[in-house]
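Asker: My questions are about this predicted structure, shown below with the sequence.
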Amino acid sequence: MPEDGQTLKYSTSGGFLSRARSVAPPTWSRWLVPPAALSVHLSIGQAYAWSVFKPALEDALHLSGTQSALPFQLGIVMLGLSAAFGGPLVERNGPRWAMFVSTVCFSVGFLIAALGVATGQYWLVVFGYGIVGGIGLGIGYISPVSTLMKWFPDRPGMATGIAIMGFGGGALIASPWSAQMLSSFGSTTSGIATAFVVHGVVYAIFMSLGVFLIRVPKEGWRPAGWTPPETTGRALITTANVSARNAIRTPQFWCLWIVLCFNVTAGIGILEKAAPMITNFFANTSTPVSVSAAAGFVALLSLANMAGRLAWSSASDAIGRKNMYRVYLGVGALLYLVITLAGDSASFVFILCAMGILSFYGGGFATAPAYLKDLFGTYQVGAIHGRLLTAWSTAGVLGPLIVNAIADSQEAAGKTGPALYTTSLYIMIALLAVGFVANELIRPVNPKYHEPPATEAPEKNIAAVPQGGS
Amino acid sequence: MMAEQNTAAPRRTALMVVTWAWVGVPFAYGVYELLLKLGPLFGG
């Protein structure tokens, strides 16, 4: 695969999926771009609702819990890998191509999984949903990012916040929908296979809106009445461009990688164990939390996670990306401290603090693309974002590992209540503090990494113009 | 060109309504289902 910034050629040739064919006409409204992005993100966000299928698969195919989790785990790994390695392809071929690839992979993944269930070949489920579908997750996740920021140069945080909020919202839709389908078709092999086929077909139709609707702005397009400031008000916001190849050579990229990784680790630690955590926390009080109330707590955290993606990311347009991450990491650490100190004295304190932490978790995801744009420009921001998402894959392993391993060892030591989690909470505070320091270390990118001024955005850079990384 | 823009505007409005409804309706369904689950947490 040609390394971006070196020998990329941006094809003008004809196909409907090409970048050249998706340039918007002058009358196109930029408010048509978020629905295109949402149609993809609301679909691939289904991944977080995989747990709905787990009990049915375990019964029908005689699987263990670990086995039934494999398609999801592999899917998230593939998300990180395909976003990281597919980013340059997405930049080169444009968002329509990327959304098409995502639609095909995600839908075909379900169909392969259906075949696997129907024939009793579980490896096909793992391959279909985990590998093929996982590629659809990664390519789909980054597909609209740079396009949205080009359409909304005045509000990049809000624009990417809308799309990435959709990823959080996807599970909200899929969870009750998939459960209803299993209840209608039955939890037998044929019932699950039918449900998978319906998922594949419906998601293919739903995501097609994005493929047909997505448009890239014409070169030089600007929102009416908006002119880019000659010098940005904030030191971190660059008017230059950095290639994906050069971006990963900068300390700024790796500082942001640490920031995202630890912010996600802190959030996912609670998210992954939310129901047992609140139940255990208040088990020794006069008002223990019931199973249905714990499910309500999980739902509330999903809402906070989703709302944080739009609200905090939009706020970052006003107060700046670095300040916003100071809030995520600094206030997040304080909220963890309040949970630790309050113990099981008041459930509403626990709930409010957990909501705050989860809103910062979502906000951290949604603000990252705009932070990258500030630091590296829009030139290859989608590809850079893809590489940054490896921090998510790392955190996805780290967060649950810390919380589960410590809770298990404390339980084995005979402890109950908040004591099961106290050590984990202190570790999360420490990780957030490290992330806070990493954020403080982020400075403007050294001009030696900037592309030459002649380098334009990929859609204009149609002829093969080798751009050696500096 | 002007006439072209005049006819494009209402077409774009219709497209805007349809596309936002396309993603908005399923999203509203998801949020509604989520709100139903909050009852036991606050209602005891």
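Answerer: Structure received.

Asker: any idea how far the spatially most central residue of chain B lies from B:Leu34?
Answerer: Chain B has B:Gly24 as the residue nearest its centroid, 2.7 Å off, counting by C-alpha atoms, centre = their mean. Taking C-beta to C-beta, to the nearest Å as the measure, B:Gly24 falls 15 Å from B:Leu34. C-betas here are computed from N, CA, C, even on glycine.

Asker: what does A:Gly377 give?
Answerer: For A:Gly377 relative to B:Leu34 (C-beta to C-beta), the value is 38 Å.

Asker: what's the answer for A:Ser178, then?
Answerer: 14 Å.

Asker: just how off-centre is the helix or strand harbouring A:Lys322 within its chain?
Answerer: Assigned by DSSP states H and E, A:Lys322 falls within helix A:321-326. Relative to the centre of its chain, helix A:321-326 is centred 18 Å away, using C-alpha atoms, centre = their mean, to the nearest Å.

Asker: Stretch A:57-71 too?
Answerer: For stretch A:57-71, the distance to the chain centre is 25 Å (C-alpha atoms, centre = their mean).

Asker: measure it end to end?
Answerer: 11 Å (C-alpha to C-alpha, to the nearest Å).

Asker: Quick check: mean pLDDT of it?
Answerer: Mean pLDDT, computed over stretch A:57-71, is 89.

Asker: Buried residues, that stretch. List them.
Answerer: Using 16 or more other C-beta atoms under 10 Å in any protein chain shown as the test for burial, stretch A:57-71 gives A:57-58, A:60-61, A:63, A:67-71.

Asker: Just the closest of these to A:Pro453, please.
Answerer: Among these, A:Pro71 lies closest to A:Pro453 (C-beta to C-beta), at 47.2 Å.

Asker: List the contacts of that closest one.
Answerer: A:50, A:113, A:125-126, A:128-130, A:133 (C-beta atoms under 8 Å, 6 or more residues apart in numbering or on different chains).

Asker: Pull the distance from the helix or strand that contains it to the chain's centre.
Answerer: Counting by DSSP H and E, the element that carries A:Pro71 is helix A:65-93. Remark: helix A:65-93 is offset 11 Å from the chain centroid, using C-alpha atoms, centre = their mean.

Asker: after it comes which helix or strand?
Answerer: Helix A:65-93 is succeeded, C-terminally, by helix A:95-119 (DSSP H and E).

Asker: when you scan that following helix, is anything in it near chain B?
Answerer: No - on the criterion C-beta under 8 Å from any C-beta of the partner chain, helix A:95-119 is out of touch with chain B, staying 13.6 Å away.

Asker: can you tell me which residues contact the residue in the stretch 51-200 of chain A that chain B sits nearest to?
Answerer: Evaluated by C-beta to the nearest C-beta, the stretch 51-200 of chain A has A:Leu172 as its residue closest to chain B, separated by 3.2 Å. Applying C-beta under 8 Å, 6+ apart, we find A:Leu172 in contact with A:302, A:306, B:27, B:30-31, B:33-34.

Asker: Among the residues you listed, which one lies nearest to A:Val145?
Answerer: Nearest to A:Val145 among the contacts of A:Leu172, counting by C-beta to C-beta, is A:Met306 at 17.8 Å.

Asker: Lovely, talk soon.
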